[in-house]
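Colleague: everything below, folded, please.
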Amino acid sequence: MSAETRGILYPARLPSFRRVPPPPHLDDLVRWFWIPEWDFAADHSSRQYLVAYPACHLVVEPAQVSLSGPTTRLSYRDLTGRGWAVGALLRPAAVPLFVDAPADLRDSERLIEAPELHRAVVQAMRVPEQDARHVEAVETFSEWLAARALPASGEGRLANAMADLIDSDPDVRTLPDAASRLHISPRTLQRLAIRYVGLTPVEMIRRRRLQEAAQRVRLEPTALLSQIATELGYTDHAHLTREFRERLGFTPTTYRRGV
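Modeller: Predicted coordinates for the structure are as follows:
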């Protein structure tokens, strides 16, 4: 499964999009940086739909710096004119640097006062050659984060391990599954998730599973939906369809046709 487009429902509509790994010294704080760029005619726009990762994002744009919280539903953004963004998908250990209660940011965002970061990234994104400006933007973003971050705490690293496990292991389907793999109690796992992510572990599992389901529905056009449902831990085809309808607003069949 391609990590490059996982969570993006219509990747063919993307104008230009890149995910860049962080430098090694930020591995505890950033999962990756992401950089979209677009340049549309005045009468054209592109709506980008996302099943976002269960995480917070620190995002620099031409006009502002913002922190977006974890999402519980389909999100989208309309791209018009010419623009760009440079975002950092924050790992759980980095979240307390910016917000005490990430659950307060569910499905929302807030502006961040970071003029030095904004100025540096805007300057980097003026470099004419695309690869060079992306490298410079990530380097300046990384330097700003590193200058303000303390070493990740033991609890922060445990929260990172929790997120890594839930995101990468399809056999983790319940709260007890995750707690058992991490050798902690379900109550401790619940507390970690709320404190460092803003979602419950069950909500995090549902986001991963929905991302995987959408990816497979899109990339495997001949696969039976009942088979996809079973392999991803849904009770049956109806359960998968209900989850799509409740979280995304359409059924897997409708999505497959639309792609």
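Colleague: the residue nearest to L58 when sequence neighbours are not counted and L248, how far apart?
Modeller: In space, and not counting its chain neighbours, L58 is closest to A88: 4.7 Å by CB to CB, 6 or more residues apart in numbering. Yep, even glycine has a C-beta here, placed from its N, CA and C like the rest. Distance of A88 to L248, computed by CB to CB, to the nearest Å: 26 Å.
Colleague: over to D236?
Modeller: 18 Å.
Colleague: ok, those two, which is more surrounded?
Modeller: L248 (19 against 12; other CB atoms under 10 Å).
Colleague: which residues does that one contact?
Modeller: Taking CB atoms under 8 Å, 6 or more residues apart in numbering as the criterion, L248 is in contact with L9, V51, R73, L74, L210, A214, Y255.
Colleague: go on, P15?
Modeller: With CB under 8 Å, 6+ apart, P15 has these contacts: P36, E37, W38, D39, F40, S46, L79.
Colleague: got a ChimeraX select line for the buried ones in the residues you listed?
Modeller: Buried subset of the contacts of P15, written as a ChimeraX selection, criterion 16 or more other CB atoms under 10 Å:
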select :36,37,38,79
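Colleague: save the contacts of P15 as CSV, and put in pLDDT, secondary structure and distance to D100 too.
Modeller: Formatted as CSV, the contacts of P15 follow (pLDDT from 0 to 100; DSSP: H, G, I helix; E, B strand; the rest coil; distance: CB to CB, whole Å):
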residue, pLDDT, secondary structure, distance to D100
P36, 93, strand, 29
E37, 95, strand, 33
W38, 94, strand, 34
D39, 93, strand, 39
F40, 90, coil, 38
S46, 87, strand, 35
L79, 90, strand, 32
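Colleague: can you show me the helices along the stretch 51-200 of the chain?
Modeller: Under the criterion DSSP state H, counting those that start in this stretch, helices of the stretch 51-200 of the chain are mapped to 115-124, 130-148, 154-168, 175-182, 186-196.
Colleague: and the contacts of P15, which is closest to E155?
Modeller: Using CB to CB, P36 is the member of the contacts of P15 that lies nearest E155, at 33.0 Å.
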